[in-house]
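Undergrad: below is the sequence, then the predicted model.
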Amino acid sequence: MVLWRNDIADFSVIESSSQLVVGNLNVVGKGCWKVASVYGSTDVQERKLLWDSLGRFCSYELPFVIGGDFNCVVSQEEKRGGKKFRLSQGSKDFQSFLINNDLHEVKSMGPRRISSFYGCPRCYELVEDNNHIGGQCVKIRKVVALLNEWGLYISVYQCFKDYLEGLQKLIGREDLAANFYCTVVWMVWKSRCKLIHTGKEDSDNSISANVISYAVQSNFLNFQLENWDTNQLRLSSHWHPPPPRWIKINVDGALKKNYRAGVGGVARDDKGRFLIAFGNTLQQWDAAQTELCAVLFLKNVVKDWMFEAQGLIIEGDNRNIIKFLQKSIKNWKVSRAIEDSLAFLLDFKQVIFSYSSRLGNNLADMCANLSLEGSFLWEDLLDKSIPPSFLHCLKEECDALGRS
């Protein structure tokens, strides 16, 4: 039985079974959502039918919300009492379903507490008003100072009025600078929320490096697309470099129907200069695992001289895999333990996993597909085995950065 208030919404059932009800929920003034209510079977084989059914409705056409009792968990945090959690086949199936369909769990924050304290959790003497959030917070100033050390030259604003006027002046002239500052404010605010809810926050270095990675993909300014200048459009659609003295390695995976798979990647410095590219053939049946294998294979291609860099950004276009690796880094810092397959990362001064759009991961995608024909390692652009298409794409991305 499905019930809804017809004065504010309309619901049409698309499919129903003993494990699910799926339909379109059209809320007045809020648009249309695809909604699934689930009661998963306790039998692992029957739950596979549930994942297959839900997978057919996962698309980018409508927002999709899935809720209910899945009768399956993927971590110890999701259960209380009973036997100790172990990653069973059912849990692996559930995990693969979430990753392959780019589905994200909405965390519960628990009961809200009302606080009468309106100060910044970092600088208690200052009220957390628009002026503070827009530039007075000590965390914003530290992050901007670090970015300026890296050669970005971003202004700091004294009050909210100056903040708005300053950004308005940048629009049409220095859109990327405006986007950098908005990304700083956004990421510092996210870190502030993390500090309040967990007692810990991201380091200045981590925020600054992520600002570099995300800024050109973000658009927090409220203006029309035609006002977004040509250079910014090109930057947001292409690869962008890491901070000065850092290395960025883009990775990707490719998977055929016959389970033949390939992983590939390309490393470049802060000036966009080619350092190394690789591809490796393997057998795999899961797309998400293939993307993960691309990261794990890096231990076979990293060179000793890379450890001298100020930091390493590993970038891929599978959002769930990147989030999984980001969470793993946080766990390493707490437990001081790391899996053997990723232990090589400890030799770097700092490692950040970053998500990229597919347009920003073109060369890695090309390497992954080329590896389906055979493994390779390129350490010099004069290598005769490098196809012209790779060199052409590399030049295009360098030109987009204003570097040839």
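TA: Great, that's in hand.

Undergrad: any idea how this structure splits into domains?
TA: 9-100, 130-236, 246-400 (automatic domain parsing).

Undergrad: weakest of those domains in terms of mean pLDDT?
TA: The minimum mean pLDDT among those belongs to domain 130-236 (a mean of 72).

Undergrad: dump the domains of the chain into a markdown table; add distance to Gly119 and mean neighbour count as well.
TA: In this view, the C-beta of every residue, glycine as well, is placed from N, C-alpha and C. Rendered in a markdown table, the data for these read as follows (distance: least, C-beta to C-beta, whole Å; neighbours: other C-beta atoms under 10 Å):
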| stretch | distance to Gly119 | mean neighbour count |
| --- | --- | --- |
| domain 9-100 | 31 | 14 |
| domain 130-236 | 9 | 17 |
| domain 246-400 | 27 | 18 |
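
Undergrad: bridged to the most centrally placed residue in the chain, which residues?
TA: Compute the mean C-alpha point of the chain, and by C-alpha atoms, centre = their mean the closest residue is Tyr355, 3.5 Å away. Beta-bridge pairing of Tyr355 under DSSP bridges involves Gly316.

Undergrad: so who does it touch?
TA: Glu315, Gly316, Asp317, Arg319, Ile322, Lys323 (C-beta atoms under 8 Å, 6 or more residues apart in numbering).

Undergrad: separation between the first one and Tyr39?
TA: Noted for Glu315: a distance of 39 Å to Tyr39, by C-beta to C-beta, to the nearest Å.

Undergrad: for the contacts of Tyr355, give me TSV that also has distance to Ile329.
TA: Shown next, in TSV, are the contacts of Tyr355 (distance: C-beta to C-beta, whole Å):
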residue	distance to Ile329
Glu315	14
Gly316	14
Asp317	19
Arg319	16
Ile322	11
Lys323	11
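
Undergrad: relative to Asn362, which of those is nearest.
TA: Asp317 (9.7 Å; C-beta to C-beta).

Undergrad: ok, the closest one - contacts?
TA: Asp252, Tyr355, Ser356, Ser357, Arg358, Gly360, Asn361, Asp365.

Undergrad: go with 7 Å
TA: Asp252, Ser356, Ser357, Arg358, Asn361 (C-beta atoms under 7 Å, 6 or more residues apart in numbering).

Undergrad: before we move on, what about Ala254?
TA: Ala254 touches Ala261, Gly262, Ala368, Asn369, Leu372, counting by C-beta under 7 Å, 6+ apart.

Undergrad: and these, which of them are in helices?
TA: Assigned to helices by DSSP state H, the following of those qualify: Ala368, Asn369.

Undergrad: and the contacts of Ala254, which is closest to Pro121?
TA: Nearest to Pro121 among these, with distances taken as C-beta to C-beta, is Ala368, at 43.0 Å.

Undergrad: ok, the closest one - contacts?
TA: Asp252, Gly253, Ala254, Gly262, Val263, Gly264, Gly279, Ala294.

Undergrad: do I have it right that Val144 meets Val184?
TA: Yes - with contact defined as C-beta atoms under 7 Å, Val144 and Val184 form a contacting pair (6.1 Å).

Undergrad: not counting its neighbours along the chain, what's nearest Lys142?
TA: Asp204 (4.9 Å; C-beta to C-beta, 6 or more residues apart in numbering).

Undergrad: and what of Pro63?
TA: Using C-beta to C-beta, 6+ apart and skipping residues adjacent in sequence, the residue nearest Pro63 is Trp33, 5.0 Å away.

Undergrad: the helix or strand encompassing the one you found pairs with which strands, and in what direction?
TA: Taking DSSP states H and E as the criterion, Trp33 maps to strand 31-39. The strands beside strand 31-39 in its sheet (DSSP bridges) come out as strand 20-27 (antiparallel), strand 64-69 (parallel).

Undergrad: I'd like the distance from the longest one to the chain centre, please.
TA: For strand 20-27, the separation from the chain centroid amounts to 28 Å (computed by C-alpha atoms, centre = their mean, to the nearest Å).

Undergrad: residues making contact with it?
TA: 2, 8-15, 32-38, 50, 53-54, 57.

Undergrad: if you set the cut-off to 10 Å instead, what comes out?
TA: Strand 20-27 is contacted by residues 1-2, 4-5, 8-16, 31-40, 49-50, 53-54, 56-57, 62-66, 68 when judged by C-beta atoms under 10 Å, 6 or more residues apart in numbering.

Undergrad: could you do the last one as well?
TA: Taking C-beta under 10 Å, 6+ apart as the criterion, the residues outside strand 64-69 that touch it are 19-22, 25, 33-40, 54, 57-58, 98, 101-103, 105-106.

Undergrad: now do 6 Å
TA: Lys34, Val35, Ala36, Ser37, Val38, Tyr39 (C-beta atoms under 6 Å, 6 or more residues apart in numbering).

Undergrad: same for the helix or strand following that strand, what does it pack against?
TA: Counting by DSSP H and E, the next helix or strand C-terminal to strand 64-69 is helix 89-100. Applying 3 or more C-beta pairs under 6 Å, 6 or more residues apart in numbering; DSSP states H and E, one finds that helix 89-100 contacts helix 44-55.

Undergrad: show me what the helix it packs on is packed up against.
TA: helix 89-100.

Undergrad: mind checking what helix or strand follows the helix it packs on in sequence?
TA: Per DSSP H and E, the helix or strand that comes after helix 89-100 is helix 130-131.

Undergrad: could I get the helix or strand that that following helix is followed by in PDB with only the CA atoms?
TA: Going down the chain from helix 130-131, the next helix or strand is helix 138-149, by DSSP H and E. Written as PDB, here are the backbone C-alpha positions of helix 138-149 (Å, rounded to 0.1, in the frame of the first residue of the first chain):
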ATOM      1  CA  VAL A 138      41.600  33.200  10.900                       C
ATOM      2  CA  LYS A 139      41.200  29.900   9.000                       C
ATOM      3  CA  ILE A 140      40.300  31.700   5.700                       C
ATOM      4  CA  ARG A 141      43.300  34.000   6.200                       C
ATOM      5  CA  LYS A 142      45.700  31.100   6.700                       C
ATOM      6  CA  VAL A 143      44.500  29.200   3.700                       C
ATOM      7  CA  VAL A 144      44.600  32.300   1.400                       C
ATOM      8  CA  ALA A 145      48.100  33.100   2.700                       C
ATOM      9  CA  LEU A 146      49.200  29.500   1.800                       C
ATOM     10  CA  LEU A 147      47.700  29.800  -1.700                       C
ATOM     11  CA  ASN A 148      49.500  33.100  -2.100                       C
ATOM     12  CA  GLU A 149      52.800  31.400  -1.200                       C
END
